[in-house]
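Trainee: Based on what follows, work out the 3D shape:
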Amino acid sequence: MHYGDLSDSEQISNILYNIMPQEVYHLGAQSHVMVSFSMPEYTANVSGIGTARILEAIRRSGNHTKFYQASSSEMFGRTPSPQNEESPFSPTSPYAVAKVYAYWMTKNYRLGYNLFACNGILFNHESPRRGEIFVTRKITMAVANILAKKQQFLYLGTLEPKRDWGFAPEYVEVMYQILQQEKADDFVVGTGQQHSVLDFVEKAFSYVNLRWQDYVKCDEKYLRPTETNDLAADSSKIKKIIRWTPKVQFDDLVKIMVDADMRKAGLQPIGEGDEFLRKHFPNRWWKTD
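Mentor: Numbers count the residues shown, from 1 in each chain. So this is what the prediction gives:
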């Protein structure tokens with residue numbers, strides 16, 4: 001473990017010079033969209049310029065380090081779905097604007113300095129390790145806590161936005177595969193399926209035989225100043241080049257997350273999500289207990 005800060009270029013340079021890594025996966029960011037409205041300058045500094053600091057450190061090091069930039073589907077903003085590598089960016093949050101900057105810096109260093117620098121434009125990827133302030137995890141935790149009598153209601157903003165939700169471990173494998181290609185390039189990664197926040201709520205509550213209408217309340221404080229349009233990935237390019245197809249679809253993802261949060265709440269999980277993992281990923285590192 002090496003400690004550093006994306007706002008500190010000297011520290012980033014020192015780490016890269018000392019390690020001389022073969023590959024860098026840049027996942028660091030102020031990554032919460034709603035928080036970026038409250039902290040736009042900090043978000044720009046860390047999520048945007050932080051990427052430029054790493055790229056410049058790699059360039060100056062002279063080491064042939066491969067670089068992966070975690071770009072985001074939020075960059076598409078109000079661009080109609082489905083979105084692919086040729087779709088224009090139309091960001092609707094400070095976070096998305098910062099990610100657009102990072103995307104173009106990555107591409108600029110690839111074209112200008114011949115760095116092996118790639119953008120992975122990943123659509124929403126979730127797992128039981130998702131941060132508790134993100135809507136998917138907020139929903140599955142609430143389901144478990146309501147069952148455990150630890151929580152009475154779930155407060156959300158709008159239920160209308162539609163997203164393309166996939167399973168984070170599968171997407172991490174894609175990140176690795178992107179850097180194993182002979183040529184650096186940019187790729188859109190997603191399932192191609194689109195579901196609303198309401199769909200996620202309904203699926204999570206129905207999985208444990210609860211009526212979501214009895215527990216979910218809308219609160220205006222969770223509404224964003226500007227909202228991103230519906231997102232859905234057109235992953236034709238990566239499916240053709242890397243031959244990647246996601247195993248985990250929407251229903252299974254919700255079950256996996258609810259099972260995990262039920263266990264954390266001290267409850268016996270329903271088990272369908274756990275069984276799916278054991279069946280389709282028998283040799284992976286994660287455990288369900």
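
Trainee: ok, how many other residues are close to residue 266?
Mentor: 9 (other CB atoms under 10 Å). C-beta here means a position set from N, CA and C on the backbone, and glycine is covered the same way.

Trainee: who's in contact with it?
Mentor: residue 148 (CB atoms under 8 Å, 6 or more residues apart in numbering).

Trainee: Repeat that for the one 10 residues further on.
Mentor: Remark: with contacts taken as CB under 8 Å, 6+ apart, residue 276 is in contact with 248, 252, 255-256.

Trainee: which regions of the protein lie under the pLDDT threshold?
Mentor: 285-289 (pLDDT under 70).

Trainee: again, 50 this time
Mentor: For the chain, applying pLDDT under 50 flags no range at all.

Trainee: Can you name the two of the contacts of residue 276 that sit furthest apart?
Mentor: 248 and 255 (9.8 Å; CB to CB).

Trainee: Take the contacts of residue 276 and keep only those in helices.
Mentor: 252, 255-256 (DSSP state H).

Trainee: Out of these, flag the one nearest to residue 134.
Mentor: residue 256 (15.2 Å).

Trainee: Return the backbone torsion pair for the residue lying closest to that closest one once chain neighbours are set aside.
Mentor: Excluding the flanking residues, the one nearest residue 256 by CB to CB, 6 or more residues apart in numbering is residue 273, at 3.7 Å. According to degrees, to the nearest 10, the main-chain angles of residue 273 amount to phi -70, psi -40.

Trainee: wait, residue 273 sits on residue 251?
Mentor: No - here residue 273 does not reach residue 251: they are 9.6 Å apart, not a contact under CB atoms under 8 Å.

Trainee: Looking only at neighbour counts, state which of these two leads.
Mentor: More neighbours surround residue 273 than the other of residue 273 and residue 251, with 25 against 16 (other CB under 10 Å).

Trainee: Quick one: residues contacting that one.
Mentor: Contacts of residue 273 by CB under 8 Å, 6+ apart are 252, 254-260.

Trainee: okay if I get the ones in helices among the contacts of residue 276 as a markdown table plus distance to residue 26?
Mentor: Listed next are the ones in helices among the contacts of residue 276 as a markdown table, based on distance: CB to CB, whole Å:
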| residue | distance to residue 26 |
| --- | --- |
| 252 | 29 |
| 255 | 31 |
| 256 | 27 |
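
Trainee: Between those, which sits nearest residue 135?
Mentor: Nearest member of those to residue 135, counting by CB to CB, is residue 256, at 16.2 Å.

Trainee: which residues in the stretch 51-200 of the chain form strands?
Mentor: 66-72, 117-122, 125-126, 154-156, 162-163, 166-167, 186-189, 195-196 (DSSP state E, counting those that start in this stretch).

Trainee: Just put the ones you listed in a markdown table and tack on mean neighbour count.
Mentor: A markdown table is the format used below for the strands of the stretch 51-200 of the chain (neighbours: other CB atoms under 10 Å):
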| stretch | mean neighbour count |
| --- | --- |
| strand 66-72 | 23 |
| strand 117-122 | 25 |
| strand 125-126 | 24 |
| strand 154-156 | 17 |
| strand 162-163 | 22 |
| strand 166-167 | 26 |
| strand 186-189 | 24 |
| strand 195-196 | 19 |
